[in-house]
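K.L.:
Everything below, folded, please.
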Amino acid sequence: MKRSREAWILFFATRIAGLFADAAVLGLAYLSAFALRLDFHAPDWGWRATAQSYIVVCAVHLCALLSTGCYRLAWRRIRGSELPRYIGAMALACAVLTVMRFCMPDVAMANIRPPYSITVISFFLGTIGVVGIRVVWRVYWSSKIRDEELLARHEKKFDNSVARRFLAGKTVMVTGAGGSIGSEIVRQVAEAGAKRLLLVERGENALYEIDRRMRMEGHASVLVPLMIDVNDRGKMDAVFASENPSVVLHAAAYKHVPMVEMNPEEGWRNNTEATRSLAELASKHGVERFVMISTDKAVNPVSVMGKTKLAAEKAIMAMNTANSPTSFCAVRFGNVFGSSGSVVPLFRELIAAKKPVTVTHPEMKRYFMTIREAVSLVLQAASRSERAIYTLDMGEPVKILDLAEGMIEQAGYRPYVDIPIVFSGIRPGEKLFEEIDVSEKSAYRTDMAKIYITR
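P.N.:
Next up is the predicted model:
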């Protein structure tokens with residue numbers, strides 16, 4: 001109830017501010033109509049009567065806007081389909097003022113009703129002004145609120161010169177290349193100057209999209225799209241033998257906690273066994289560096305997904321022997337803001353449909369990074385020499401409820417008023433809080449910002 005009451009207070013405050021803004025716009029339009037009609041000369045009945053008539057004109061217009069429901073619409077989400085309502089309100093006000101002029105033709109009544117010509121000119125100017133300020137506000141608001149505002153922090157930019165030098169001129173394999181993380185890895189590795197880029201992806205559409213986008217960006221000469229399942233050891237062995245990659249960035253994995261919880265055998269096969277097999281092939285073919293994309297859910301895991309990723313970490317770390325030509329490492333981080341299947345696109349879908357936004361628990365928190373931040377740090381970790389599990393410093397966790405409220409407001413709606421928020425309860429395998437820890441008791445600081453080595 002408290003949040004709903006606050007939302008209503010904000011609603012009324014913004015609408016009152018809107019009334020004053022419209023009054024100012026209508027006043028400017030009315031004054032401009034006189035200036036255009038009378039060539040900037042004073043009307044016969046004087047400016048005082050004109051000012052008095054504006055009070056009547058403004059009241060008529062505001063009542064028309066109110067009666068047609070225009071003040072139930074948020075400026076931040078004005079759409080083309082709503083323009084007829086605003087035009088209709090202004091036309092209604094024009095009709096009322098015209099009737100008033102017809103019924104009160106005496107010039108002595110000039111302080112109550114404007115001339116016909118002024119009414120018509122004001123209609124056009126006022127409509128342009130009333131709609132225009134809403135469009136301008138929407139454009140301003142859309143540019144002002146970005147993902148980093150929802151995360152309550154600015155996106156970090158890192159010095160990737162070391163990573164670029166490490167990747168330049170190398171053949172790099174990216175598994176899961178069509179996914180949210182994988183596709184951004186592909187982009188940044190290509191920009192770093194890789195000689196050859198092996199895009200391993202079993203999904204045809206996902207592979208087609210990343211291949212198409214990278215070709216449009218001018219990287220066609222380095223791309224090798226490979227529609228292969230990383231679980232197919234025979235085909236992957238052949239790729240290693242023919243392409244001889246120096247670096248493997250392993251992003252292919254099942255990541256949705258509820259789905260893996262319901263399909264544990266497939267989760268183990270794809271997340272753990274496939275990683276183990278890929279690592280063995282990397283060692284067999286003399287890969288220089290193997291980087292596994294891991295998750296904060298591998299820390300004290302309670303979900304099947306978290307346990308499969310922890311087991312995969314242990315499998316590759318066990319291969320860091322003195323005889324292995326390959327340096328194995330894993331990089332742990334939390335949620336990637338806006339990645340496919342994550343809470344962000346789900347919320348956006350619900351908000352666009354004006355359906356209730358579902359949050360599991362009012363106190364649930366998660367760590368978030370933008371895709372660019374996470375991948376930038378992954379590539380920096382790849383360029384290092386430690387055979388270790390790295391943990392990325394993701395800052396403070398974000399309350400999912402705050403994120404839902406912010407996304408609803410970003411779309412121009414009012415949380416709990418226009419779009420409800422409902423709590424569904426924690427699902428099997430989910431934690432209330434994830435446990436990424438970069439304190440001295442859990443991790444060593446490296447000389448690269450935000451990158452820690454797990455103790």
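K.L.:
what's the offset of stretch 431-450 from the middle of its chain?
P.N.:
25 Å (CA atoms, centre = their mean, to the nearest Å).
K.L.:
Let me see the residues that make contact with it.
P.N.:
With contacts defined as CB atoms under 8 Å, 6 or more residues apart in numbering, stretch 431-450 is touched by 156, 158, 162, 296-297, 299-300, 302-303, 332-334, 361, 363-367, 377, 380-381, 384, 386, 390-394, 397, 426, 452-455. Backbone N, C-alpha and C define where each C-beta goes, glycine included.
K.L.:
Could you pick out the buried ones from these?
P.N.:
Taking 16 or more other CB atoms under 10 Å as the criterion, what is buried in the contacts of stretch 431-450 is 156, 158, 162, 296-297, 299, 303, 332-334, 361, 364-367, 377, 380-381, 384, 390-394, 397, 452-454.
K.L.:
out of those, which are inside strands?
P.N.:
R332, K365, R366, Y390, T391, L392, Y452, I453, T454 (DSSP state E).
K.L.:
was I right about the last one contacting T391?
P.N.:
Yes - with the criterion set as CB atoms under 8 Å, T454 and T391 qualify as a contacting pair; they are 5.1 Å apart.
K.L.:
any shared contact partners between those two?
P.N.:
R332, S442, A443.
K.L.:
how close does the residue nearest to the last one when sequence neighbours are not counted sit to K365?
P.N.:
The shortest distance from A443 to any residue that is not its chain neighbour, by CB to CB, 6 or more residues apart in numbering, is 3.8 Å, and that residue is Y452. As defined by CB to CB, to the nearest Å, Y452 lies at a distance of 20 Å from K365.
K.L.:
L377 too?
P.N.:
Applying CB to CB, the value for L377 to K365 is 21 Å.
K.L.:
Now do the end-to-end distance for stretch 281-297.
P.N.:
26 Å (CA to CA, to the nearest Å).
K.L.:
List the buried residues of it.
P.N.:
281-283, 285, 287, 289-297.
K.L.:
List just the nearest of the residues you listed to A322.
P.N.:
S283 (12.4 Å; CB to CB).
K.L.:
I'd like the ones in strands among the buried ones among the contacts of stretch 431-450 written out as CSV, with pLDDT and distance to A13 added.
P.N.:
Formatted as CSV, these follow (pLDDT from 0 to 100; distance: CB to CB, whole Å):
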residue, pLDDT, distance to A13
R332, 93, 44
K365, 87, 30
R366, 86, 31
Y390, 94, 47
T391, 91, 44
L392, 89, 40
Y452, 90, 45
I453, 91, 50
T454, 88, 48
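K.L.:
Which one of those residues is nearest to R15?
P.N.:
Nearest to R15 among these, with distances taken as CB to CB, is K365, at 33.5 Å.
K.L.:
Not counting sequence-adjacent ones, nearest residue to that closest one?
P.N.:
P397 (3.9 Å).
K.L.:
how about the strands in the stretch 51-200 of the chain?
P.N.:
171-175, 196-200 (DSSP state E, counting those that start in this stretch).
K.L.:
how about the CA coordinates for the last one, as PDB?
P.N.:
Same thing as strand 196-200. The C-alpha coordinates for strand 196-200 follow below in PDB (Å, rounded to 0.1, in the frame of the first residue of the first chain):
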ATOM      1  CA  ARG A 196      40.900 -16.400 -37.700                       C
ATOM      2  CA  LEU A 197      37.700 -16.600 -35.700                       C
ATOM      3  CA  LEU A 198      36.000 -20.000 -35.300                       C
ATOM      4  CA  LEU A 199      32.300 -19.500 -34.500                       C
ATOM      5  CA  VAL A 200      31.100 -22.800 -32.900                       C
END
